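Peer 1: can you look at this prediction? I've put the sequence above it.
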Amino acid sequence: PPSGRDRLRVAIQKSGRLAEPARALLASCGLSWRESRDRLFCYGESLPIDLLLVRDDDIPGLIADGVCDLGIVGRNVLSEQDLANRVDGTGPRFRELQPLGFGGCRLALAVPETWSWRDASQLAGKRIATSYPQLLSKWLADAGIDAQVVLLSGSVEIAPRLGQADAICDLVSSGSTLAANQLKPVQTLLESEAVLAGPAADFDDARAELMELLLRRLDGALRIRR
Ligand code: PRT
Ligand code: ZN
């Protein structure tokens, strides 16, 4: 990360499932902010720790590029982008520092309810729709299964009904979205939750101490919650 900065910049989701819990957790660490008019940047008042409000998918890249120092993002997003960086030879560029205990879900393979499921070898030659091509491809390769990965950016769960795919690999929490689409989960690829992410390399300036302080306070806040 570029050195010489004396404030810490933390990226969190602007809106969505992780936005409010991320802010609430940081506030419970004693952080407070003054909001800018465009509400994309929040200036830290109680401590020199600022917030940048962004799309969750942008968080790993913002950390990798040094635009932000830390981020709160789903392990699913972080792992997917980490694998992409490793595959194209640019990684590792960021790492998980601390699981945060909210935003829990799992990345799972799901098949039509009408399939009688024995094991993953049944997926050979099938088309699997997902927004997580790296995590799915790696899992398939590790399992020695030759299947076709169909990349969709959203509405993955309707792909089988539309005839776009035979199975899906998507995030599941309650399971009701799968059930509503006559699908059943058969295999978990990744257990996920919101995590604090940071750059692969350590800070060499005032940010190192600020990060230590934040990690200590997070530890305390998470202990109380447990
Ligand atoms: O706008 P932006 O890009 O920032 O937001 P987003 O729409 O990409 O993300 P968002 O807010 O939907 O999710 C943010 C993060 O929340 C994800 O990356 C996960 O880490 C976490 N999370 C936890 C979930 C879920 N649970 C979840 N259930 N993300 C998505 N889902 C979806 C899932 O894709 C499926 O469509 O909810 C549906 C399944 O839910 P159930 O309860 O029916 O199983
Ligand atoms: Zn997103």
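Peer 2: Now that the structure is in, tell me what you want to look at. All values derive from a computational prediction rather than experimental measurement. Ligands and ions are numbered 1, 2, ... in the order given.
Peer 1: care to break this structure down by domain?
Peer 2: 8-103+193-225, 105-192 (automatic domain parsing).
Peer 1: got a list of what Thr130 touches?
Peer 2: Contact analysis of Thr130 by Cβ atoms under 8 Å, 6 or more residues apart in numbering lists Leu136, Val149, Val150, Leu151, Leu152, Val156, Ile168, Cys169, Asp170. Where C-beta positions appear, they are placed from N, C-alpha and C, glycine not excepted.
Peer 1: filter the residues you listed to the buried ones?
Peer 2: Neighbour-count burial (16 or more other Cβ atoms under 10 Å) applied to these gives Leu136, Val149, Val150, Leu152, Val156, Ile168, Cys169, Asp170.
Peer 1: beta partners of the closest residue to the fifth one other than its chain neighbours?
Peer 2: Counting by Cβ to Cβ, 6 or more residues apart in numbering, the nearest residue to Val156 once its immediate chain neighbours are dropped is Asp170, at 4.6 Å. For Asp170, the residues forming beta bridges with it (DSSP bridges) are Ala108.
Peer 1: Asp170 contacts Ile158, doesn't it?
Peer 2: No: the criterion here is Cβ atoms under 8 Å, and Asp170 misses it with Ile158 at 10.7 Å.
Peer 1: quick one: buried residues of the longest helix anywhere in the chain?
Peer 2: The single longest helix within the chain, with elements called by DSSP state H, is helix 206-225. Buried residues in helix 206-225, counting neighbours by 16+ other Cβ under 10 Å, are found at Arg207, Leu210, Met211, Leu214, Leu215, Arg217, Leu218, Ala221, Leu222.
Peer 1: about what we covered before: from the buried ones among the contacts of Thr130, pick the one nearest ligand 1.
Peer 2: Asp170 (5.2 Å; Cβ to the nearest ligand atom).
Peer 1: which residues touch that closest one?
Peer 2: Neighbouring residues of Asp170 by Cβ under 8 Å, 6+ apart: Leu107, Ala108, Ala110, Thr130, Ser131, Tyr132, Val156, Glu157.
Peer 1: quick one, what contacts the last one?
Peer 2: Listed by Cβ under 8 Å, 6+ apart, the contact set of Glu157 reads Ala110, Ile168, Asp170, Thr177, Leu178, Ala180, Asn181, Leu183.
Peer 1: nearest residue to the first one other than its sequence neighbours?
Peer 2: The spatially closest residue to Ala110, leaving aside those adjacent along the chain, is Leu183, at 4.3 Å (Cβ to Cβ, 6+ apart).
Peer 1: gap between the closest residue to Ala194 other than its chain neighbours and ligand 1?
Peer 2: Nearest residue to Ala194 in three dimensions, chain neighbours excluded: Gly103, at 3.7 Å (Cβ to Cβ, 6+ apart). Distance check for Gly103 against ligand 1: by Cβ to the nearest ligand atom, to the nearest Å, it reads 4 Å.
Peer 1: can you tell me the helix or strand for Gly103?
Peer 2: Assessed by DSSP states H and E, Gly103 sits outside every helix and strand.
Peer 1: any idea how far it lies from Ser131?
Peer 2: 16 Å (Cβ to Cβ, to the nearest Å).
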